[in-house]
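Engineer: would you be able to build a 3D model of this:
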Amino acid sequence: MTAIICGIQSTKLLPDEITLLKHPLVCGIILFKRNFENYAQLKSLVQDIKSRFGEDFLITVDQEGGKVRRFDLPFSRLPPLLEIGKTYSHNQDLAKSFAHSHAWLMASELLSINIDMSFAPVLDIDNNSNVIGDRAFSDNPKIVIELANYYCTAMHDAGMKTTAKHFPGHGTVVADSHFDLPIDDRSFDEIEQLDLQPFITLIRNQQIDAVMMSHVIYPQACKDAAGYSKFWCQDVLRDKYGFEGVIISDDLGMKAADCVGDAHARYQACINSGCDIALACTMELSQELLKKLPTNTPKRRFPQLIGKSTLSKSSDFWQNSTWQSVRKGMVAIQAKTYNQKKEQA
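Structural biologist: Here you go, the predicted structure:
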């Protein structure tokens with residue numbers, strides 16, 4: 001059966017949450033701003049989760065940078081990926097260094113306190129989407145491919161697995177799937193020639209460990225939303241492109257996700273499509289979903305996605321000389337980029 005990653009309510013585990021998270025189908029937790037008060041609190045929360053549910057219990061987050069950044073200082077206030085793409089337009093080598101530093105800092109900081117994964121990088125094309133926008137590297141798939149390759153390499157260097165999102169591409173549909181059901185009326189060939197190119201290339205380059213599906217319907221290819229679609233998850237992603245990693249749904253609590261019905265209908269659709277993990281990002285949704293699911297099922301775990309920090313955990317990440325060097329380098333890159341933009345204005 002499809003495993004589940006749950007959201008929790010606050011800055012510490014509550015008794016009813018502890019009971020719920022013991023369900024054998026729950027393989028991990030996703031954290032949000034509501035779960036972060038400060039560094040010490042977050043570190044304590046992560047330690048509590050790992051001690052209760054095991055080192056192979058995934059702790060995840062969306063720490064992309066820009067507007068999608070769940071944890072504030074002392075974690076780096078990383079810029080959105082589009083800033084890296086803009087740098088590429090006037091200095092390609094600087095942009096590659098920018099991508100590597102951005103990814104390494106993001107991954108190293110999280111891994112240093114045993115947060116396993118940030119669902120990154122975004123491989124969508126910046127093509128008028130209300131929800132993607134500056135979360136994407138560029139509107140040019142060739143630039144997305146080149147920068148994402150550097151980004152994924154840096155995540156791997158830091159010890160974190162990569163998650164490409166949002167397959168097969170959310171960047172060319174305007175509507176935001178958090179609030180609407182986006183419909184993309186293009187043909188499969190049009191989607192493959194644009195949005196799918198970064199996914200295809202990075203899968204072939206063995207840079208992608210997990211793929212997150214979009215809650216978008218592409219009716220010329222399939223009547224089902226991508227995350228609920230055997231066509232997209234199995235026929236295309238697995239069979240055509242040879243992806244052997246973990247397939248993850250986007251949040252089942254999004255407005256677009258309810259196109260098939262209630263929580264159980266959404267979860268069943270994930271099973272039918274072949275998603276390995278479904279995201280239930282609120283405790284309310286998790287409770288609704290899990291109360292009817294059998295508890296006599298084998299425990300689901302994904303040890304291949306557990307992070308392995310390359311930084312020593314004996315001190316805080318900002319005290320590490322490698323982190324200090326990379327952080328200083330990225331600040332210098334941002335300053336140089338700013339000055340070059342100013343000169344060109």
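Engineer: now do the strands in the stretch 1-150 of the chain.
Structural biologist: Ranges of strands in the stretch 1-150 of the chain, per DSSP state E, counting those that start in this stretch, are 3-7, 26-31, 58-61, 63-65, 68-69, 117-118.
Engineer: what's the most buried one of these?
Structural biologist: strand 117-118 (a mean of 28; mean count of other C-beta atoms under 10 Å). The way it works is simple: take the backbone N, C-alpha and C, and place the C-beta from them, glycine included.
Engineer: can you list contacts of that one?
Structural biologist: 58-64, 106-107, 110, 160-161, 163, 210, 305, 307 (C-beta atoms under 8 Å, 6 or more residues apart in numbering).
Engineer: so which of these comes closest to residue 23?
Structural biologist: residue 58 (14.3 Å; C-beta to C-beta).
Engineer: out of the contacts of strand 117-118, which is nearest to residue 181?
Structural biologist: residue 62 (21.1 Å).
Engineer: who's in contact with that closest one?
Structural biologist: With C-beta under 8 Å, 6+ apart, residue 62 has these contacts: 30, 68, 70, 118, 119, 120.
Engineer: name the nearest residue to residue 212, sequence neighbours excluded.
Structural biologist: residue 165 (3.7 Å; C-beta to C-beta, 6 or more residues apart in numbering).
Engineer: so the one you found is in which element?
Structural biologist: strand 163-167 (DSSP states H and E).
Engineer: tell me what that strand is packed against?
Structural biologist: Contacts defined by 3 or more C-beta pairs under 8 Å, 6 or more residues apart in numbering; DSSP states H and E place strand 163-167 against helix 197-204, strand 210-213, strand 246-251.
Engineer: would TSV of the ones you listed with mean neighbour count be doable?
Structural biologist: Formatted as TSV, these follow (neighbours: other C-beta atoms under 10 Å):
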stretch	mean neighbour count
helix 197-204	21
strand 210-213	25
strand 246-251	24
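Engineer: would you turn the ones you listed into CSV with distance to residue 137 and mean pLDDT?
Structural biologist: Formatted as CSV, the helices and strands packed on strand 163-167 follow (distance: least, C-beta to C-beta, whole Å; pLDDT from 0 to 100):
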stretch, distance to residue 137, mean pLDDT
helix 197-204, 9, 98
strand 210-213, 16, 97
strand 246-251, 20, 94
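Engineer: switch the ones you listed over to JSON lines; also include distance to residue 12.
Structural biologist: Below are those laid out as JSON lines (distance: least, C-beta to C-beta, whole Å):
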{"stretch": "helix 197-204", "distance to residue 12": "37"}
{"stretch": "strand 210-213", "distance to residue 12": "27"}
{"stretch": "strand 246-251", "distance to residue 12": "22"}
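Engineer: poorly predicted segments of the stretch 101-250 of the chain, please.
Structural biologist: 174-180 (pLDDT under 70).
Engineer: quick one, helices of it?
Structural biologist: Taking DSSP state H, counting those that start in this stretch as the criterion, the stretch 101-250 of the chain contains helices spanning 141-158, 188-193, 197-204, 230.
Engineer: residue 285 is nearest to which of these?
Structural biologist: Per C-beta to C-beta, nearest to residue 285 of the helices of the stretch 101-250 of the chain: helix 230, 23.4 Å.
Engineer: just give the nearest non-adjacent residue to the residue positioned nearest the centre of the chain, would you?
Structural biologist: Geometric centre of the chain, nearest residue: residue 119, 1.7 Å, by C-alpha atoms, centre = their mean. Distances taken as C-beta to C-beta, 6+ apart put residue 163 closest to residue 119, at 4.4 Å, once the chain neighbours are dropped.
Engineer: so the strand holding residue 165 versus helix 197-204, what angle?
Structural biologist: 140 degrees (axes from the mean of the first three to the mean of the last three C-alpha atoms, to 10 degrees).
Engineer: now strand 163-167 - C-alpha only, CSV.
Structural biologist: Taking C-alpha atoms only, strand 163-167 is exported to CSV below (Å, rounded to 0.1, in the frame of the first residue of the first chain):
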residue,chain,number,x,y,z
THR,A,163,13.1,15.3,-5.2
ALA,A,164,12.2,16.7,-8.7
LYS,A,165,8.9,18.5,-8.8
HIS,A,166,6.1,18.9,-10.0
PHE,A,167,6.0,16.1,-12.7
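Engineer: residues contacting that strand, please?
Structural biologist: Contacts of strand 163-167 (C-beta under 8 Å, 6+ apart): 117-124, 148, 198-199, 202-203, 208-214, 216, 226, 232, 237, 248, 250.
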